[in-house]
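Novice: Fold the following.
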Amino acid sequence: MRLGALLMLLAALAACNATLPDDGVQGEWGGTGFLISMTEAKVTAQLTCLKAEFPGPLLPEDDGTFSLTGEVTLVPWPPDIGQPAELNGRFVDDVLHLSFRYFTSGGEWTLLQEADDLRLGSPAIWTDTCIS
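Specialist: Now for the predicted structure:
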């Protein structure tokens with residue numbers, strides 16, 4: 001029932017300038033190499049070989065765009081744990097388009113992955129097994 005209500009809300013947002021509830025967007029959005037979990041408290045981005053957390057709730061702009069700053073919480077190369085991370089995206093109907101980048105321990109921003117096929121309620125499609 002919550003999934004259907006959220007889909008209706010996102011469709012309404014795409015059709016007009018509706019406002020989001022105070023608790024923001026919630027749910028899981030999956031696709032190739034990504035799983036984004038959104039709660040009122042935090043947003044967790046799991047990529048094939050990395051996890052990052054961002055403070056919640058996620059409250060997109062009227063046009064569906066958002067930008068979050070957080071930090072890397074799990075990665076196979078320990079010096080990058082705790083490094084700043086950015087998640088930028090846009091909701092279009094039930095699809096989430098986003099890009100993820102983080103500031104490496106080597107001192108540069110790295111665009112790690114982009115996706116344009118994340119869907120609400122879909123599982124992640126893992127092409128590697130760095131994180132279980």
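
Novice: Quick check: buried residues in stretch 116-131?
Specialist: For stretch 116-131, a neighbour-count test (16 or more other C-beta atoms under 10 Å) marks Leu118, Leu120, Ser122, Ala124, Trp126 as buried. To be clear about C-beta, it is placed using only N, CA and C from the backbone, and glycine gets the same treatment.

Novice: How about stretch 35-44?
Specialist: Of all the residues in stretch 35-44, those buried under the rule 16+ other C-beta under 10 Å are Leu35, Ile36, Ser37, Met38, Thr39, Val43, Thr44.

Novice: Check the spacing between the residue of the chain positioned farthest from its centre and Asp80 real quick.
Specialist: In the chain, Gly106 marks the outermost C-alpha relative to the chain mean, sitting 24.2 Å out by C-alpha atoms, centre = their mean. Per C-beta to C-beta, to the nearest Å, Gly106 is found 9 Å from Asp80.

Novice: what about the residue sitting nearest the centre point of the chain, which helix or strand?
Specialist: Most central in the chain under C-alpha atoms, centre = their mean is Ile36, positioned 4.3 Å from the mean C-alpha point. Assigned by DSSP states H and E, Ile36 falls within strand 34-38.
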